[in-house]
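Participant: okay, predicted coordinates and the sequence, questions at the end:
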Amino acid sequence: MTNLERLARRLERELPGLELRRGEPMSRHTTFRVGGPAELMALPEDEGQLCAAARLAAEEGVLPLPVGNGSNLLVDDAGLDGFVLKTVPKVGTITGAGNTLTAGAGATLAQLAVEAANRGLAGLEFAHGIPGSVGGGVVMNAGAYGGELCQVVRQVRAMDRQGRVRELRGEACDFSYRHSLFSGGEWLILGAAVELTPDDPQTIRGRMAELMARRKEKQPLDYPSAGSTFKRPAGHFAAALIDQCGLKGLRVGGAQVSEKHAGFVINTGGATCRDVLELMDQVRERVLRETGVALEPEVKYVR
């Protein structure tokens, strides 16, 4: 019996209320709508179940893959042999006190931004259109339009590989561009507290609406994608370099460099992970050859 099989039996026996799925298509759990089946997936109802499942996994020597909204994941067509811990939308309570909001890992960034606006708290307007969860956003220090989570995150609750829950202040999280202390996959994010600034709710909503209008105008939101496919190279913009090389519209199977925004690889219908990876490779090779700039993927490929 494998470690994963032992884990599955223990989860069934010791956490009878936990929803488990076997052979669950990851295409249902990523915004790219791509990915083969996960051998074992758990969908916790609350933080207690999430922590208990993670601790059992640690005891069985299984490193879980936490998945929030799957907005930055590209999963192999063959699927995943391991254990997926799905945190959205069930583990996502949002509470507030004063200028601080605390959100579970499963809350979406959009939900958190709307809650902040409703409470007259500014600072998360940039996050309203980001499709990720709080947990995933913390891991990659998500950002847009000049804003990043590191600007507002004051504390992160996370579990280490030994099953210990720790509270880390924002400055201890090693935030940088699309990176954090948690980027290596050794931690399970449980939640985060953000400190915001009082402002008029209507003014905040106006800024959010303006940013959303800009997104709809410039980004291919009507197609599945993982958002920006490549990180911003130092001194450059990935989309501008890709456009400069004449790569808008380039296709491999169902994957295409968006004709609306060159920084997005989109799924035009029926794209496979292989299609996306091959297209990304072609884009990187062409940009490097013609501009001398090496593009680094922002999308995380897992298998």
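Facilitator: Looks like it came in fine.

Participant: residue ranges of the helices in the stretch 151-300 of the chain, please?
Facilitator: Ranges of helices within the stretch 151-300 of the chain are 201-218, 238-244, 273-291, based on DSSP state H, counting those that start in this stretch.

Participant: most packed of those?
Facilitator: Among these, helix 238-244 has the highest mean neighbour count (mean count of other C-beta atoms under 10 Å), at a mean of 19. C-betas here are computed from N, CA, C, even on glycine.

Participant: in CSV: the helices of the stretch 151-300 of the chain, plus distance to residue 142 and mean pLDDT.
Facilitator: Putting the helices of the stretch 151-300 of the chain into CSV (distance: least, C-beta to C-beta, whole Å; pLDDT from 0 to 100) gives the following:
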stretch, distance to residue 142, mean pLDDT
helix 201-218, 14, 95
helix 238-244, 16, 97
helix 273-291, 20, 98
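
Participant: okay, the ones you listed in JSON lines with distance to residue 38 next?
Facilitator: Formatted as JSON lines, the helices of the stretch 151-300 of the chain follow (distance: least, C-beta to C-beta, whole Å):
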{"stretch": "helix 201-218", "distance to residue 38": "30"}
{"stretch": "helix 238-244", "distance to residue 38": "30"}
{"stretch": "helix 273-291", "distance to residue 38": "14"}
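
Participant: so which of these comes closest to residue 65?
Facilitator: For the helices of the stretch 151-300 of the chain, proximity to residue 65 was assessed by C-beta to C-beta; helix 273-291 is nearest, at 15.2 Å.

Participant: tell me what that closest one is packed against?
Facilitator: strand 73-75, helix 238-244, strand 251-252, strand 255-257, strand 264-267 (3 or more C-beta pairs under 8 Å, 6 or more residues apart in numbering; DSSP states H and E).

Participant: center of this structure, which residue is that?
Facilitator: Taking C-alpha atoms, centre = their mean, the centroid of the chain lies closest to residue 136, which sits 4.0 Å from it.

Participant: and the gap between the closest residue to that one other than its chain neighbours and residue 235?
Facilitator: Sequence neighbours aside, residue 68 is the residue nearest to residue 136 in space, at 4.0 Å (criterion: C-beta to C-beta, 6 or more residues apart in numbering). For residue 68, the distance to residue 235 (C-beta to C-beta, to the nearest Å) stands at 31 Å.
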